[in-house]
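>>> when you get a sec, could you give me coordinates for this:
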Amino acid sequence: MIRALRLAMASTVLTLCATAQAAPTFINVLTGGTSGVYYPVGVAISQLYSHGIEGSKTSVQATKASVENLNLLQSGRGELAFALGDSVADAWNGDAEAGFKTPLKKLRAIAGTYPNYIQIVASKESGIQTLADLKGKRISVGAPKSGTELNARAIFKAAGLSYDDMSKVEYLPYAESVELIKNRQLDATLQSSGLGQAAIRDLAATLPVVFVPIPADVVEKIGNSAYQPTVLPAKTYDGQDQDVPTAAITNILVTRSDISDELAYQMTQLIFDNLPRLATAHAAAKDIDPQQAAKNLPIPLHPGAERYFKEKQLLP
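Numbers count the residues shown, from 1 in each chain. The predicted structure is shown next:
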């Protein structure tokens, strides 16, 4: 009887071990709209994890991007999220006006990635050439309290403008904004995205457009170090023959503090060991620089990510 009991106990232990080993590691990647850059790069990262992390079960969720992603992370409804650097700082500090009711202290950084460029594009027939010309015009600024919409508020305020100056303000994702411009229901759209964004490429290939410059002095008036003066390089889009002054904001890949160090390490390693593959998903990923990825972040690095960067001598 004792021998039978021992055998039964051993069998139970083996069964429990097998069950534990078989339990999948869920990794939900929070991205943005399907016509933006976050989504295709997020799909590529998800595929890396699916093949490179044993026992993982990955998914990709299209969202309203930065603000929604960070709130979902805090509530445990995602393991990796794309977000703009200024939104990450607002989330950490609990900026209610930006969409964060309390400080989101579970957030941890995996890495800084490529920059988002503030791209204001208008139909040529609208007559818009400068920021001041947006007065009285119809514009889309992204989903309410999305990272893009927060960028729009900051840019307009620094330029002495507000939504009240516009004849119409729509809160729409990239692709929908572009369709309304094509249909002459909007004059312009402000989009915060990586270079070569699909919706803007589509618009520029369909009708004559103007890229509205954001002068460096306007960027400096924002008073937030997350915004840096830069240029939209010439030839990024059809008909854009010259560099256009604008602002750039670093995108950050964010995870949660309760993600294990080993999983965070693997998540980081697979991204930086496969940068060429990410660049095939979208050209914006070519701007991911390992030398800068762990620097000047507004939230703490996850210990697993920190381990990776120290191994690669990318941290002191």
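>>> contacts and neighbour counts: CA atoms only from here.
Fine.
>>> the strands in the chain, which residues?
Secondary structure of the chain (DSSP state E): strands located at 25-30, 56-61, 80-84, 107-123, 138-140, 168-170, 188-193, 209-211, 228-232, 244-256.
>>> now mean neighbour count and mean pLDDT too, for the ones you listed, in CSV please.
Listed next are the strands of the chain as CSV, based on neighbours: other C-alpha atoms under 10 Å; pLDDT from 0 to 100:
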stretch, mean neighbour count, mean pLDDT
strand 25-30, 21, 97
strand 56-61, 18, 98
strand 80-84, 27, 97
strand 107-123, 25, 97
strand 138-140, 25, 98
strand 168-170, 17, 98
strand 188-193, 27, 96
strand 209-211, 23, 98
strand 228-232, 19, 96
strand 244-256, 24, 97
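>>> got those strands as JSON lines, with distance to R277 columns?
Rendered in JSON lines, the data for these read as follows (distance: least, C-alpha to C-alpha, whole Å):
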{"stretch": "strand 25-30", "distance to R277": "17"}
{"stretch": "strand 56-61", "distance to R277": "17"}
{"stretch": "strand 80-84", "distance to R277": "18"}
{"stretch": "strand 107-123", "distance to R277": "14"}
{"stretch": "strand 138-140", "distance to R277": "33"}
{"stretch": "strand 168-170", "distance to R277": "35"}
{"stretch": "strand 188-193", "distance to R277": "20"}
{"stretch": "strand 209-211", "distance to R277": "30"}
{"stretch": "strand 228-232", "distance to R277": "24"}
{"stretch": "strand 244-256", "distance to R277": "17"}
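>>> looking at these, which is closest to A293?
Among the strands of the chain, strand 107-123 comes nearest to A293, with 4.4 Å by C-alpha to C-alpha.
>>> run the chain-centre distance for the closest one.
Its chain's C-alpha centre and that of strand 107-123 lie 6 Å apart, by C-alpha atoms, centre = their mean, to the nearest Å.
>>> quick revisit: the strands of the chain: which one's closest to I45?
strand 25-30 (8.2 Å).
>>> adjacent strands (with direction) for the closest one?
Within its sheet, strand 25-30 is paired with strand 56-61 (parallel), strand 80-84 (parallel), according to DSSP bridges.
>>> to A305, which of the strands of the chain lies closest?
strand 107-123 (5.5 Å).
>>> could you export the closest one as CSV, CA atoms only?
The C-alpha coordinates for strand 107-123 follow below in CSV (Å, rounded to 0.1, in the frame of the first residue of the first chain):
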residue,chain,number,x,y,z
LEU,A,107,5.9,50.7,-16.4
ARG,A,108,9.5,49.7,-17.3
ALA,A,109,11.4,50.4,-20.4
ILE,A,110,12.8,47.8,-22.8
ALA,A,111,14.5,50.3,-25.1
GLY,A,112,14.2,53.5,-27.0
THR,A,113,13.7,52.8,-30.7
TYR,A,114,13.2,55.0,-33.8
PRO,A,115,11.9,58.6,-33.7
ASN,A,116,8.4,59.7,-34.6
TYR,A,117,8.3,62.7,-36.9
ILE,A,118,5.5,65.3,-36.6
GLN,A,119,4.2,65.3,-40.1
ILE,A,120,1.6,68.0,-41.1
VAL,A,121,0.4,67.4,-44.6
ALA,A,122,-2.2,69.4,-46.5
SER,A,123,-3.8,69.3,-49.9
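>>> can you name every helix or strand that that strand contacts?
The contact analysis (3 or more C-alpha pairs under 8 Å, 6 or more residues apart in numbering; DSSP states H and E) places strand 107-123 against helix 66-74, strand 188-193, strand 209-211, strand 244-256, helix 261-272, helix 303-311.
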